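J.: I would like the atomic coordinates for the input below:
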Amino acid sequence: QVQLVESGGGLVQAGDSLKLSCAASGRSFSSFSMSWFRQAPGGKEREFVAGIGHSGSFTNYAGAVKGRFTISRDNAKNTVYLQMNSLKPEDTGVYYCAASYAVVTTANLYNIWGQGTQVTVSS
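T.: Reported below is the predicted structural model:
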């Protein structure tokens, strides 16, 4: 089983950049597709942000972050990253990484989650 720990969140101003990391423990990290989701304050559902296939050759982004966010992974370090540029107040939320066997955009299809890291973007 894979366990996930996110880090890198914080309080930034609009227009700033932030890089999130998700470190995985356990075997077979490289066999999993990895995704980032976020949950806005008061939001009930986790929103798909970005996903990456097990080899790193396939990526998918939500329309709201395309061109601003970049997902990447380092299988040698068992880590997936989310580089966030040109941050906006509406990017505020708790960011979670999740593991699955395919990059899917529906949160309830994932059963391996990290604990989340808070990102707050002030205007």
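J.: buried ones in stretch 22-29, by neighbour count?
T.: 22-24, 29 (16 or more other CB atoms under 10 Å). Every C-beta, even on glycine, is put in place using the N, C-alpha and C of the backbone.
J.: would you mind measuring the gap between the ends of it?
T.: In stretch 22-29, first residue to last residue: 11 Å (CA to CA, to the nearest Å).
J.: which strand or helix spans the residue nearest the centre of the chain?
T.: Among the residues of the chain, the one closest to the centroid is W36, at 2.3 Å (CA atoms, centre = their mean). Assigned by DSSP states H and E, W36 falls within strand 33-39.
J.: let me know the angle separating the next helix or strand after that strand from strand 33-39.
T.: Under the assignment DSSP H and E, the closest C-terminal helix or strand after strand 33-39 is strand 47-52. If you take axes from the mean of the first three to the mean of the last three CA atoms, to 10 degrees, strand 47-52 sits at 160 degrees to strand 33-39.
J.: could you please name the strands strand 47-52 pairs with and the direction of each pair?
T.: According to DSSP bridges, strand 47-52 forms sheet pairs with strand 33-39 (antiparallel), strand 59-61 (antiparallel).
J.: tell me the most buried of those?
T.: Across the strands paired with strand 47-52, averaging neighbours per residue (mean count of other CB atoms under 10 Å) puts strand 33-39 on top, at a mean of 24.
J.: report the rounded mean pLDDT for that strand.
T.: Averaging pLDDT along strand 33-39 gives 97.
J.: same check on stretch 21-28?
T.: 91.
J.: picking that back up, go ahead and confirm the residue nearest to the centre of the chain touches K19.
T.: No: counting by CB atoms under 8 Å, W36 does not reach K19; the two are 11.7 Å apart.
J.: show me whatever sits in contact with both of those two.
T.: Residues touching both W36 and K19 by CB atoms under 8 Å, 6 or more residues apart in numbering: L82.
J.: tell me where this protein has strands.
T.: For the chain, the strands defined by DSSP state E cover 3-7, 10-13, 18-25, 33-39, 47-52, 59-61, 69-74, 79-84, 93-100, 112-113, 117-122.
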